[in-house]
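> just coords:
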């Protein structure tokens, strides 16, 4: 296979010219990568996983420098947690690559076959989207996850990480390139934008002269909002994760406590973390106070409505803004609602169509909630922190989309393909 290589590009220079070159090179590479064998793609991922484990010390050193610079810049809280890498997270990153390698190849799947009365046989077949741009902040692991998913689905990735994770992302990207080279695939299959200049983002939003097919933003609300507002190519994204848990009248209290605590406090900075707890008025007398006490005792600030304020003296009054807020921190808003109707109304009013959960032992209440809540992910009796591509068996995810076109929920391999029709004839012509 032709091994396209990226000519070294200096850190300084004409950013727009650089990005135009990236676009042309990516399109050229995409034509090669779309035909790559499953064996070669899997080998590249396996080699990259081995490289990440072997060079863990190098990645940790790079991350320590990024962390130090972020702290010096005054960065705190959830942002630092997303930036931070340790041996466990690096091992999980490598394991994610191996899991993607073990998944079925989505390219070439025959999605449908049908024969027309005139004898034409028509196949609908999965093919790569082409060139995918990923713009992300702080999370260096996105470098590995996005690179792996794009590669396995036959797409070229153009990665533009945040300036705060530059060194970490560069170290991880180097491992991916090592895997590509070892498998004989174009080293340009996974490109990393080497400059911090924000003009590079603008060039990607403009579509790189028609060479970029999709953009996936991973980051804060301001980044995603800018991408959704300015992009001239399709966007897979969610703006916010205003995640709700509804404790129904027929909820088992012990189960509810376990699920609510994990949903909120396991990792407060992830998009699947619960931000609002809704308690059915029919069980508020028995369930509200214990749930609120549990959260506060675990170090979570509770901002509640009038009934929640009466449940515990430590509750802070909620404002209208709280119901609209994705805290990404150890803060939760709590409200008492009137049954499934009240929960659905609250979620429809304030939710972001990301992830919502009902806790109940009532089958019919659960089925109604699952059917009527219009979110990308809806759960019954399970933590909202399962809103993750890895937990869905996708190996990793390139992001979570809340839109309704093409991809919704965790974006894995299948969502990174489109299709074309292959028509087989025996000489038919149209009359």
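That came through, no problem. None of the values given here were measured: they were computed from a predicted structure. Numbering: from 1, shown residues only.

> Let me know the pLDDT of residue 7.
Confidence at residue 7, expressed as pLDDT, is 46.

> who does the closest residue to residue 305 other than its chain neighbours bridge with?
Nearest residue to residue 305 in three dimensions, chain neighbours excluded: residue 335, at 4.6 Å (C-beta to C-beta, 6 or more residues apart in numbering). C-betas here are computed from N, CA, C, even on glycine. Under DSSP bridges, the beta-bridge partners of residue 335 are residue 278.

> correct me, but residue 335 touches residue 318?
Yes. Contact status for residue 335 versus residue 318: in contact at 7.3 Å, counting by C-beta atoms under 8 Å.

> how near is the closest residue to residue 219 other than its chain neighbours to residue 45?
Of all residues not flanking residue 219 in the chain, residue 137 sits nearest, at 3.4 Å (C-beta to C-beta, 6+ apart). Distance of residue 137 to residue 45, computed by C-beta to C-beta, to the nearest Å: 25 Å.

> between the two, who's got more neighbours?
Using other C-beta atoms under 10 Å, the more surrounded residue of residue 137 and residue 45 is residue 45, with 30 against 21.

> Just the element for that one, please.
helix 38-54 (DSSP states H and E).

> tell me which strands and helices that helix is in contact with?
helix 87-102, helix 141-152, helix 166-182 (3 or more C-beta pairs under 8 Å, 6 or more residues apart in numbering; DSSP states H and E).

> give me every residue that touches residue 196.
For residue 196, the contacting residues are 163, 166, by C-beta atoms under 8 Å, 6 or more residues apart in numbering.

> Which phi and psi values does it adopt?
phi -90, psi -10 (degrees, to the nearest 10).

> where exactly do the helices run in the stretch 151-300 of the chain?
For the stretch 151-300 of the chain, applying DSSP state H, counting those that start in this stretch gives helices covering 166-182, 199-205, 221-230, 253-265, 284-297.

> Now those in JSON lines, please, with extra columns for mean neighbour count.
Written out in JSON lines, the entries for these read as follows (neighbours: other C-beta atoms under 10 Å):
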{"stretch": "helix 166-182", "mean neighbour count": "23"}
{"stretch": "helix 199-205", "mean neighbour count": "20"}
{"stretch": "helix 221-230", "mean neighbour count": "15"}
{"stretch": "helix 253-265", "mean neighbour count": "19"}
{"stretch": "helix 284-297", "mean neighbour count": "18"}
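
> May I see the domains of the chain written out as residue ranges?
Using automatic domain parsing, the domain parsing of the chain gives 15-238+399-423, 243-386.

> Quick one: closest of the ones you listed to residue 392.
Nearest of the domains of the chain to residue 392, taken as C-beta to C-beta: domain 15-238+399-423 at 5.2 Å.

> Start and end of that closest one, how far apart?
43 Å (C-alpha to C-alpha, to the nearest Å).

> Make residue 1 into 73 and carry on from there
New numbering, starting at 73: the last item is domain 87-310+471-495.

> what's the offset of it from the middle of its chain?
11 Å (C-alpha atoms, centre = their mean, to the nearest Å).

> three-state assignment of the residue nearest to residue 158 when sequence neighbours are not counted?
Excluding the flanking residues, the one nearest residue 158 by C-beta to C-beta, 6+ apart is residue 132, at 7.5 Å. Classification of residue 132 by DSSP: H, G, I helix; E, B strand; the rest coil places it in helix.

> Identify the residues contacting residue 132.
For residue 132, the contacting residues are 157-159, 162, by C-beta under 8 Å, 6+ apart.

> which of those residues count as buried?
157, 162 (16 or more other C-beta atoms under 10 Å).

> With pLDDT and distance to residue 329 as extra columns, can I get the contacts of residue 132 in CSV?
Below are the contacts of residue 132 laid out as CSV (pLDDT from 0 to 100; distance: C-beta to C-beta, whole Å):
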residue, pLDDT, distance to residue 329
157, 95, 32
158, 95, 29
159, 96, 32
162, 96, 33
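
> Which one of the contacts of residue 132 is nearest to residue 182?
residue 162 (37.9 Å).

> OK, contacts around that closest one?
So residue 162 contacts 124-125, 128, 131-132 (C-beta under 8 Å, 6+ apart).

> Out of those residues, which end up buried?
Buried among those (16+ other C-beta under 10 Å): 124-125, 128, 131-132.

> Between those residues, which sits nearest residue 302?
Nearest to residue 302 among the buried ones among the contacts of residue 162 is residue 131, at 32.4 Å by C-beta to C-beta.

> Just give the nearest non-adjacent residue to that closest one, would you?
residue 243 (4.6 Å).

> Test my guess that the one you found contacts residue 134.
Yes. The criterion here is C-beta under 8 Å, and residue 243 meets it with residue 134 at 4.2 Å.

> Show me what the helix or strand containing residue 154 is packed against.
Assigned by DSSP H and E, residue 154 falls within helix 149-155. Judged by 3+ C-beta pairs under 8 Å, 6+ apart, helix 149-155 is in contact with helix 128-144.

> for the helix it packs on, what is the average pLDDT?
95.

> Show me which residues of it are buried.
Buried-residue list, helix 128-144, by 16+ other C-beta under 10 Å: 128, 131-132, 134-135, 138-139, 141-142.

> follow-up on the earlier one: compare the helices and strands packed on helix 110-126 and report which one is nearest to residue 502.
Per C-beta to C-beta, nearest to residue 502 of these: helix 213-224, 39.2 Å.

> so the closest one versus helix 128-144, what angle?
Counting by axes from the mean of the first three to the mean of the last three C-alpha atoms, to 10 degrees, helix 213-224 lies at 130 degrees to helix 128-144.

> mind listing what's buried in helix 213-224?
Quick answer for helix 213-224 (16+ other C-beta under 10 Å): 213-224.

> follow-up on the earlier one: determine which of the domains of the chain approaches residue 502 most closely.
Between residue 502 and the domains of the chain, the shortest gap by C-beta to C-beta is with domain 87-310+471-495, which sits at 8.8 Å.
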